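# this is a predicted model, with the sequence first.
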Amino acid sequence: GLVMTEMRPCYACSQTEMSKRHCFQLYSLHFNPRNIIGSGIFISPKGVLEHAGSVGLSLIVWVCGGGICALGSMCYAELGVTIPKSGGDYSYVTEIFGGLVGFLLLWSAVLIMYPTTLAVIALTFSNYVLQPLFQNCLPPFIATRLLATICILFLTWVNCSSVRWATRIQDVFTVGKLLALALIIVVGLVQICRGHYDALRPSVAFEFSEDPSVGQIALAFLQASFAYSGWNFLNYVTEEVVEPRKNLPRAIYISIPLVTLVYTLTNIAYFSSMSPQELLASNAVAVTFGEKLLGMFSWVMPISVALSTFGGINGYLFTSSRLCFSGAREGHLPYLLAMIHLKNCTPIPALLVCCTATIVILCIGDTHNLINYVSFINYLSYGVTIAGLLYLRKKRPNLTRPIKVNMLIPISYLIFWAVLLGFSLYSEPVVCGLGMVIMLTGVPIYFVGVQWKDKPKWIYKVVGKSVSATI
């Protein structure tokens, strides 16, 4: 039941793009903020505090992280209307720098960014579900991995079966995310009004356990950036957005400040009831928060976070499969991944590849190392894309740009980007370097698989059988 099609399906209603174009526009516009506010805020605070070394500096990292996302978003808004193609970073880099750089970004996204992000969210889901059952110790390694795998398999089946089901899950499970954050913020503000804010006093908030290094601060930003990931997702469906000149900046100006405010208030709420030592000792921060303040209603917190992460996995499966679909349609991945199910209009091969890669990564490393790993590659791709904006300004100055940002914005972002990646690589050479090595393995694969056009027929047969066996 798989077909190759030039008519792009509308993933929001399973109809053709020509007949239901507005559905994708509405879906994409409300889908983006949900992917920014996700499970990261329930796990990244521990990593940010650990590397920042103090409460005050960790809060500064959260605020500045939102500001950096705003700079990047404005650059992406210009690229989105200048190169009006769906696919985000991949489409822009391919258009500006050519096939090799675009393929390397796609290669790292398919093998590293999306599977690792999915793995982290799935592990967060399983930790929050299992932590109430293991109150005095960490959940067993096997149990967390097994539950995370079951969750990934189930949501892959849902996305393969019906896009409508997938979008309904996103609608329903967003409630859990908003409930958890609203509850944390409100309870935290009540605590502060009652005078419980010792850890937030300036004299205490900037007490460092040890002097922070630039490298550790860079890693704190990487941990925070995982929570903010998703700010560029609207650019993956630029072709379907009506009036992008108005809607792209509007989405940025509303969503980024709102998300930054929510994340900062959530961290302030955490510190209104937990000392830094308690937060660092917790494997599920929101569960610990609920146990301290909600009493008999503490069960609400793990359920709410589990609902949130469940919806987050669903959202990332949707986006990652679309990127595989787009890459295969451009000839950078096997054509089988560009096929959709004839009846369900879902990219089943792409979804199964994403699912397989995620399950493999689930068995590798702990959560915080995986976050450093994926955040480093994410920032690498963001920087290359924004460097493409400057390159395009120089090479094609007369190109029509409905949105044109001040040059200081991309330059400021790239300066921060270079410092962040340089010191992160210095502080975590193995974790960050491994991502770069995997990305560079795409160079020979590009020349053999994409650039070499006159390959013997037996190579195509072997590749086809290998991909078929994988999915």
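Perfect, thanks for sending it. Note that the structure is predicted; figures quoted are calculated from it, not measured.
# for Lys406, what are phi and psi?
Heads up, residue 406 is Asn, not Lys. Dihedral pair for Asn406: phi -60, psi 140, per degrees, to the nearest 10.
# and it, what is it in contact with?
Residues near Asn406 by Cβ atoms under 8 Å, 6 or more residues apart in numbering: none. Using the backbone N, CA and C atoms, a C-beta is placed for each residue, glycine as well.
# do Tyr382 as well
Here Tyr382 is in contact with Gly72, Asp89, Asn232, Trp417 (Cβ under 8 Å, 6+ apart).
# and it, how close does it get to Cys75?
Distance, Tyr382 to Cys75, using Cβ to Cβ, to the nearest Å: 9 Å.
# same thing with Pro212?
29 Å.
# higher neighbour count, these two?
Cys75 (23 against 15; other Cβ atoms under 10 Å).
# list the buried residues for the helix or strand harbouring that one?
Element membership for Cys75 (DSSP states H and E) is helix 55-82. Neighbour counts over helix 55-82 (16 or more other Cβ atoms under 10 Å) mark 55-62, 64-66, 68-82 as buried.
# stretch 445-460 too?
Tyr446, Gly449, Val450.
# adding distance to Thr266, pLDDT and secondary structure, write those residues out as a markdown table.
Output for the buried residues of stretch 445-460, formatted as a markdown table (distance: Cβ to Cβ, whole Å; pLDDT from 0 to 100; DSSP: H, G, I helix; E, B strand; the rest coil):
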| residue | distance to Thr266 | pLDDT | secondary structure |
| --- | --- | --- | --- |
| Tyr446 | 42 | 85 | helix |
| Gly449 | 44 | 75 | helix |
| Val450 | 44 | 77 | helix |
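# as JSON lines, the residues you listed with distance to Ile252 would be great.
Shown next, in JSON lines, are these (distance: Cβ to Cβ, whole Å):
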{"residue": "Tyr446", "distance to Ile252": "33"}
{"residue": "Gly449", "distance to Ile252": "36"}
{"residue": "Val450", "distance to Ile252": "34"}
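# relative to Ile150, which of those is nearest.
Nearest to Ile150, judged by Cβ to Cβ, of the buried residues of stretch 445-460 is Gly449 at 33.3 Å.
# can you classify Ile340 by secondary structure?
Three-state call for Ile340 (DSSP: H, G, I helix; E, B strand; the rest coil): strand.
# surely it meets Leu351?
No: Ile340 sits out of contact with Leu351 when judged by Cβ atoms under 8 Å, with a separation of 10.3 Å.
# neighbour count: the two, which is higher?
A direct count of neighbours by other Cβ under 10 Å for Ile340 and Leu351 places Leu351 higher, at 27 against 23.
# can you pull out the low-pLDDT segments for the stretch 351-471 of the chain?
365, 459-460, 462-471 (pLDDT under 70).
# helices of that one, residue ranges please.
Using DSSP state H, counting those that start in this stretch, the helices of the stretch 351-471 of the chain run over 367-395, 408-427, 429-440, 442-446, 457-470.
# of those, which stretch is the most buried?
helix 367-395 (a mean of 21; mean count of other Cβ atoms under 10 Å).
# and that helix with helix 408-427, angle?
For helix 367-395 against helix 408-427, the angle by axes from the mean of the first three to the mean of the last three Cα atoms, to 10 degrees is 140 degrees.
# tell me who's in contact with Met301.
Ala180, Leu183, Ile184, Ala286, Val287, Phe289, Gly290, Leu294.
# and for Cys324?
Val110, Leu333, Leu337, Pro347, Ala350, Val353, Cys354.
# pretty sure Leu155 contacts Gly312?
No: using Cβ under 8 Å, Leu155 makes no contact with Gly312, being 10.1 Å away.
# quick one: which of the two has more around it?
Between Leu155 and Gly312, counted using other Cβ under 10 Å, the more crowded position is Gly312 (29 against 25).
# name the element the more buried one belongs to?
With DSSP H and E as criterion, Gly312 is part of helix 300-329.
# check which residues of that helix are buried.
301-329.
# quick one: the helix holding Cys75 to helix 408-427, angle?
130 degrees.
# gap between helix 55-82 and the chain center?
With Cα atoms, centre = their mean, to the nearest Å as the basis, helix 55-82 stands 14 Å off its chain's centre.
# then stretch 327-340?
Per Cα atoms, centre = their mean, the centroid offset for stretch 327-340 relative to its chain is 22 Å.
# now that stretch: buried residues?
Gly327, Ala328, Arg329, Glu330, His332, Leu333, Pro334, Leu336, Leu337, Ala338, Met339, Ile340.
# can you give me the helices for the stretch 101-250 of the chain?
Under DSSP H, counting those that start in this stretch, the stretch 101-250 of the chain gives helices at 114-130, 141-161, 163-193, 202-205, 214-228, 244-273.
# weakest of those helices by average pLDDT?
Mean pLDDT is lowest for helix 163-193 among these, at a mean of 80.
# can you spell out which helices and strands pack onto that one?
helix 21-36, helix 141-161, helix 244-273, helix 285-293, helix 300-329 (3 or more Cβ pairs under 8 Å, 6 or more residues apart in numbering; DSSP states H and E).
# can you check which of those helices gets nearest to Met407?
helix 244-273 (17.4 Å).
# buried residues in that closest one?
244, 247-249, 251-252, 255-256, 259-260, 262-273.
# coming back round to it: and which of the contacts of Tyr382 is nearest to Thr174?
Asn232 (19.6 Å).
# burial check on that closest one, number of neighbours?
23.
# who touches it in this structure?
Gly72, Ser73, Tyr76, Gly88, Asp89, Tyr382.
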